[in-house]
Each structure stands twice: as structure tokens, then as C-alpha cells.
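Visitor: Got a sequence here, can you model it:
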Amino acid sequence: MNGFESDDELGSRQPSRMRAVAGDPWLKVHAVAEYIFCPRAGILAHENHHDDDDEEQPSLYTLPKYELEAIERALIELRERCVKEVWIFVVLALCGPVGVLIKQYWALVFIGIGMVYYSQRILNLVADGTELLKRRNLALRGRCEEPDPDSDILQSINWFGLLNLGFESIRLHEPLRDPAWQLEGKPWRVLKKGSLVIPVFHTKSNLDRPRDQHTAKIMAYCRLVEVSFNVECPYGIILTREDCSGFSIPNMAKFRRGFHNEFIEFRNLARESDSIGSERPIAYNPDACEYCPLGEPHAVRSGKRVRRHGAPLPIVVLRDSRGKELRCDCGDRFEWKPPHVRNRYLEED
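Guide: Have a look, this model is predicted:
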């Protein structure tokens, strides 16, 4: 870059308002999206270095969902485990008559306990296998048209439909970074096909249409992909439903403009937050408060303490109708009682 970029609002070549200057903080994509959801949520995410949750951490109880090859491997492993457990159950069942025959009745107790234990394990494996077969069928049936990179409207997509069209799914291990904007973030996946590199993220909410914070997230990831892979990124993808369907969002000026405006406002607010003693009162979105997890009360000793400038903040104690002491992240950071729906059982001030 030569220090000049096209500005979506003015359409001219001028120093980009998006470029960071001395004293500007590095911002995470997650924090920017949280700011659009609610300014206080954004500041909390920035100060405590929050990122998007990785919903696929390795676990004995996590079944693969988004990769057909992983589903197939899990089914093979599950079949082998199930055969082993069934053989153990059969051996235990045959030991019962033998125990009676040789009059070792005390052994029948242990045999019975073992049969109950392994029957439960077999049932759990069958349940997991049924779920994996459903996911495999969903993957095989997934169909969609490839998004038109020149379209300026949202287009419906299906995750497995894109994989069946030849897109390669890549899981990043490190965040993408843009030194010019001082922006960083890691998409949930990146899809590659030919010269196309497309960022993807998914939300737990079943949405009929992406919200403003989701659109901003896609625009941010498109920027990071363009800088990191040195390509043009025509759109990004958000998955919004259990059947792995969602939308492609065009990386166009009408979507970028709102993200740029919010990004600059958040950068100014984050700069003030990072400077001791210079922060102004931070507004909140009352419509977002009702179900916001940052305002959910929990036991005083549970959860990580909210931090600012590297140090934990004092706890703001809330009390329920029985006098039990509670706290919440937003309450500790901004010294108030958030109007959370689950705060209704708390005593009023």
C-alpha cells in the first residue's frame, strides 16, 4: 500500500480514515462485533482480550459435525468400539450360567453390575452412532449454488453444499492480522477454491437474516483475508442454522460503510479505555441487555474476574431475595446492576 486507499463514502483517493495512527490500540474482530451489539460489551471484550469461542475443542464427548471425512472416521471408530463392548457384554452374559453351575453365586452380583454397565455404554454408542449417521446423511444431501461473486445481495448457501462444489475447508491456527488497521481475528474456517479465499463464521442463533454485528464481522474477516492472502475477497459466509445453512454477504461498499463507521467509533472508545483516567461514560443498549450473558448473575466466587489495565476489578455485589451474594461481569466493570431478565429475582435498589 502507498498510504492511500479508496474511501467508500467519498469515492476518492485520500489518506484512509481506517489506518491506525500512533496510540491506536489493536482491535479484535470479536470486540468490534460486540461493540456493535452493545458498546459496554465491546469494551469488556477489548479489555479482557476475549475472542470468539471455539466450539470444537477436542473432547471425548464431541462428535464431528462439519467435515464429512471426520464423520466417516468417527463412524468407523464407533463401530469398532461398539463391537468390542458387545463382545464383553456377551462374555459376561455367558458367565452367569457358569457361575450358577459351579455355585459361585457371589460372582453373579458382579456379573450383573458389569452387564448393566456395558449395556449402558452400548446404548450410548448406539445413540452417538445414530447422531453421526444423521450428520453423514445431512452432509451427503447438502446442495446449493455457488454464490455469485458479483452479486450485491445476500445469497442462501449450505456448508456441505459448498464442500460438495469443490471448496476446501481450512481451519486456521493463528489469527489473521492487518498492521495498517491494527485489526486481528480468526475466522471459524476459510474456504478455498481456485483463487477464491472466503472467510466463514457461524452463530448459535437460528437467524432469518444476519444482524449488524454479523455483517460487520464478515466485512472485517474479508479485509483480513485480502491482506493476509493477497487476494480479492468478494464475499464472506455466516452459518446460522443447525442444518449448516446460512448466507453469503457481499464485500461491497453498502455493507462495508457501516462497519467502517462503527470500527472508527470503537477505536476511539478503546483508546480512551486504555488510557488511565480518560474514559467517558459508556452508553449501553437496553434492548441487548435482557439476555446478555455479561449481565447474567452468578456466584461471587465463580467465573474469571473482570480485568482492566491488567488488574482485576473490585466485585460489585448483587443480592437475591434470599440475601445470596451474586455478581456479573458487566456489573463489576461499570459498577451497576444490568437490567438482565434473570436479574428480576434480585432485590431492587
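Visitor: What is the neighbour count of the nearest residue to residue 78 once chain neighbours are set aside?
Guide: Sequence neighbours aside, residue 129 is the residue nearest to residue 78 in space, at 5.1 Å (criterion: CB to CB, 6 or more residues apart in numbering). Every C-beta, even on glycine, is put in place using the N, C-alpha and C of the backbone. Residues within reach of residue 129, counting by other CB atoms under 10 Å, total 17.
Visitor: Just the pLDDT for the residue nearest to residue 339 when sequence neighbours are not counted.
Guide: Using CB to CB, 6+ apart and skipping the chain neighbours, the partner closest in space to residue 339 is residue 289 (4.9 Å). For residue 289, the pLDDT comes out at 86.
Visitor: Surely the residue nearest to residue 78 is in contact with residue 75?
Guide: Yes. Between residue 129 and residue 75 there is a contact at 6.9 Å, judged by CB atoms under 8 Å.
Visitor: tell me, which helix in this protein spans the most residues?
Guide: As assigned by DSSP state H, the longest helix anywhere in the chain is helix 105-141.
Visitor: quick revisit: now do the residue nearest to residue 78, the pLDDT please.
Guide: pLDDT, residue 129: 94.
Visitor: How about the contacts made by it?
Guide: Neighbouring residues of residue 129 by CB atoms under 8 Å, 6 or more residues apart in numbering: 75, 78-79, 82.
Visitor: SS state for residue 236?
Guide: strand (DSSP: H, G, I helix; E, B strand; the rest coil).
Visitor: I'd guessed residue 156 sits against residue 147; true?
Guide: No. Counting by CB under 8 Å, residue 156 does not reach residue 147; the two are 9.0 Å apart.
Visitor: Centre of the chain to the longest helix of the chain, how far?
Guide: 30 Å (CA atoms, centre = their mean, to the nearest Å).
Visitor: Of all the residues in it, which ones are buried?
Guide: For helix 105-141, the neighbour count (16 or more other CB atoms under 10 Å) marks 111, 114-115, 118, 121-122, 125, 128-129, 132, 135-136, 138-139 as buried.
Visitor: With stretch 138-154 instead?
Guide: Neighbour-count burial for stretch 138-154 [16+ other CB under 10 Å]: 138-139, 142, 144, 147, 154.
Visitor: Among those, which one sits closest to residue 34?
Guide: Nearest to residue 34, judged by CB to CB, of these is residue 154 at 22.4 Å.
Visitor: Backbone dihedrals for the nearest residue to residue 298 once chain neighbours are set aside, please?
Guide: Nearest residue to residue 298, sequence neighbours excluded (CB to CB, 6+ apart): residue 326, at 6.4 Å. Note on residue 326: backbone dihedrals following degrees, to the nearest 10 are phi -130, psi 170.
Visitor: what's near enough to touch residue 326?
Guide: 297-300, 317-320, 346.
Visitor: Which of these fall in strands?
Guide: Counted as lying in strands by DSSP state E, out of those, are 298-299, 318-319.
Visitor: So which of the contacts of residue 129 belong to helices?
Guide: 75, 78-79, 82.
Visitor: Adding pLDDT, write these out as a markdown table.
Guide: A markdown table is the format used below for the ones in helices among the contacts of residue 129 (pLDDT from 0 to 100):
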| residue | pLDDT |
| --- | --- |
| 75 | 94 |
| 78 | 94 |
| 79 | 94 |
| 82 | 94 |
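Visitor: so where is the stretch 51-200 of the chain shaky, pLDDT-wise?
Guide: 53-62, 98-106 (pLDDT under 70).
Visitor: thinking again about what came up before, turn the contacts of residue 326 into TSV, columns for neighbour count.
Guide: Shown next, in TSV, are those (neighbours: other CB atoms under 10 Å):
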residue	neighbour count
297	21
298	14
299	10
300	13
317	11
318	21
319	12
320	13
346	16
